[in-house]
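Asks: What would the 3D arrangement of this be:
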Amino acid sequence: MAAGKKQSGKDAMAVINEHIKNESYAPVYLLYGDETYLVNQYRDKLLSAVTDCEDNMNFAKFAGEKIDPMEIIGFCETMPFFADRRVVLAEGTGLFKKSCEEFAERIKELPDTSLILFVESEVDKRNKLYKTVDKLGEALCFETPNEKTLAVWVKGMFKGEGKRITDDAIRSLIEHTGSDMNSIKNEIDKLISYTVDREDVTVSDVEALCVGNSEGHIFEMIDAISRKQQDRALHLYHELLENREPAMRILFLIARQYDLLLKTKMCLAENKNYADTASVLGIPSWSVKKYAEQCRNYSEQELKKIMEACQDTDYKLKTSQASDVVAVEVLLISLSR
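Replies: Below is the predicted model:
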């Protein structure tokens with residue numbers, strides 16, 4: 001059965017849940033976005049509703065950028081064998097980043113006994129295939145939920161395991177891991193195992209178990225730099241290196257963090273409140289307080305000079321003028337002097 005009338009401002013999760021509830025499916029779906037945890041969850045949820053992935057006669061998977069898209073067409077044009085439909089899962093094909101006009105046209109002609117589910121990390125909305133899928137079916141972007149939704153999700157994950165977690169512990173967990181749901185899920189699993197003999201999960205449990213992600217280390221490093229604690233900043237840098245974090249990525253995270261500090265500084269100078277600043281920066285509102293505290297240690301001009309220093313280091317690395325590990329260390333020494 002075909003899906004109902006499309007709406008603007010779609011909530012990706014709500015769309016798929018509604019289609020499954022009504023057993024009314026679009027002929028083609030595209031799932032993409034930064035939140036890979038949700039993309040994978042709803043990929044599996046949709047597939048479970050529309051097909052049996054063990055049924056090799058009626059289900060096919062195509063993966064990678066070397067696939068022949070016309071093989072997808074060929075599979076879909078064949079009538080299903082003792083099933084309602086033939087289903088294709090196409091992942092990481094890169095078809096939404098390049099020209100494939102013939103494929104886009106052929107999709108319009110597929111029989112109603114077929115369903116294609118695309119899962120991509122990157123899409124170009126100007127791409128003809130994207131426009132075709134968006135018009136013919138559902139192009140659904142999965143973005144990182146806001147902090148309120150994340151908190152509800154975290155609480156629900158623990159409740160499902162018969163545990164309770166305090167609001168302070170949830171906030172601490174997200175601060176340690178960042179807002180990536182895969183990272184949060186991994187830490188939740190560890191906390192459930194760690195507290196196997198009791199129901200309550202506390203801030204102390206989170207701090208004892210969650211080592212924190214690279215972004216948390218970078219935040220601590222910048223805090224040390226702003227306080228001119230050079231030894232502390234270098235210690236954190238070497239910890240990241242020992243954890244096999246590439247120096248180039250560390251430089252990227254440092255530059256991004258200072259960019260957020262600069263933007264926070266500018267927003268506060270315009271008398272924006274924390275909620276408006278969070279909206280401009282695209283970060284949780286509770287994070288703004290931390291950035292506001294850090295950026296007080298700098299003038300706007302100082303932050304701009306630091307951004308220039310980061311760009312200069314990046315240029316030296318890309319033009320092979322310096323070793324990446326050494327160049328980033330020199331930058332840290334310079335900033336914390």
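Asks: Tell me which residues touch the spatially closest residue to Arg337 that is not a sequence neighbour, please.
Replies: Closest residue to Arg337 apart from its sequence neighbours, by C-beta to C-beta, 6 or more residues apart in numbering: Gln230 at 6.9 Å. For glycine as for every other residue, the C-beta is placed from the backbone atoms N, C-alpha and C. Taking C-beta atoms under 8 Å, 6 or more residues apart in numbering, we find Gln230 in contact with 224, 332-333, 336-337.
Asks: Gly178: how many residues sit nearby?
Replies: By other C-beta atoms under 10 Å, 18 other residues sit near Gly178.
Asks: same deal with Pro69?
Replies: Neighbour number of Pro69 under other C-beta under 10 Å is 18.
Asks: you'd agree it is up against Glu105?
Replies: No. With contact defined as C-beta atoms under 8 Å, Pro69 does not reach Glu105; the gap is 11.4 Å.
Asks: just to revisit the earlier point, PyMOL command to pick out the buried ones of the contacts of Gln230?
Replies: Buried subset of these, written as a PyMOL selection, criterion 16 or more other C-beta atoms under 10 Å:
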select buried, resi 224+332+336
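Asks: from the contacts of Gln230, which is closest to Ala169?
Replies: Ala224 (25.7 Å; C-beta to C-beta).
Asks: what's the helix or strand containing the closest one packed up against?
Replies: Using DSSP states H and E, Ala224 sits within helix 214-226. Contact analysis of helix 214-226 by 3 or more C-beta pairs under 8 Å, 6 or more residues apart in numbering; DSSP states H and E lists helix 167-177, helix 230-242, helix 247-269, helix 285-295, helix 324-336 as its packing neighbours.
Asks: Tell me which stretches of the stretch 1-150 of the chain form helices.
Replies: Using DSSP state H, counting those that start in this stretch, the helices of the stretch 1-150 of the chain run over 12-22, 36-50, 69-77, 101-107, 128-136, 147-159.
Asks: For Ser99, which of the helices and strands packed on helix 214-226 is the nearest?
Replies: helix 247-269 (30.4 Å).
Asks: what angle do the closest one and helix 230-242 make?
Replies: Calculated by axes from the mean of the first three to the mean of the last three C-alpha atoms, to 10 degrees, helix 247-269 forms an angle of 130 degrees with helix 230-242.
Asks: Just the buried residues of helix 247-269, please?
Replies: Per 16+ other C-beta under 10 Å, helix 247-269 contains these buried residues: 247-248, 250-251, 253-255, 257-258, 260-265, 267-268.
Asks: List the contacts of it.
Replies: Against helix 247-269 from outside (C-beta under 8 Å, 6+ apart): 214-215, 218-219, 221-222, 237, 240-241, 276-277, 280-281, 283, 288, 291-292, 294-295, 298, 300, 303-304, 306-307, 310-311, 313-314, 317, 324-325, 327-328, 331.
Asks: run the last query once more with 7 Å
Replies: Residues from elsewhere that reach helix 247-269, judged by C-beta atoms under 7 Å, 6 or more residues apart in numbering: 214-215, 218-219, 222, 237, 240-241, 277, 280-281, 288, 291-292, 294-295, 298, 300, 303-304, 306-307, 310, 313-314, 317, 324-325, 328.
Asks: List only buried entries from the residues you listed.
Replies: Buried among the contacts of helix 247-269 (16+ other C-beta under 10 Å): 215, 218-219, 222, 237, 240, 277, 281, 288, 291-292, 294-295, 298, 303, 306, 310, 313-314, 317, 324, 328.
Asks: Quick one: mean pLDDT for the helix holding Ala224?
Replies: In this model, helix 214-226 has a mean pLDDT of 79.
Asks: In this structure Gln294 contacts Ala224, no?
Replies: No. In this structure, Gln294 is not within contact of Ala224 by C-beta atoms under 7 Å, at 10.9 Å.
Asks: that older thread, tilt between the helix holding Ala224 and helix 230-242?
Replies: Using the same axes, to 10 degrees: helix 214-226 against helix 230-242 is 160 degrees.
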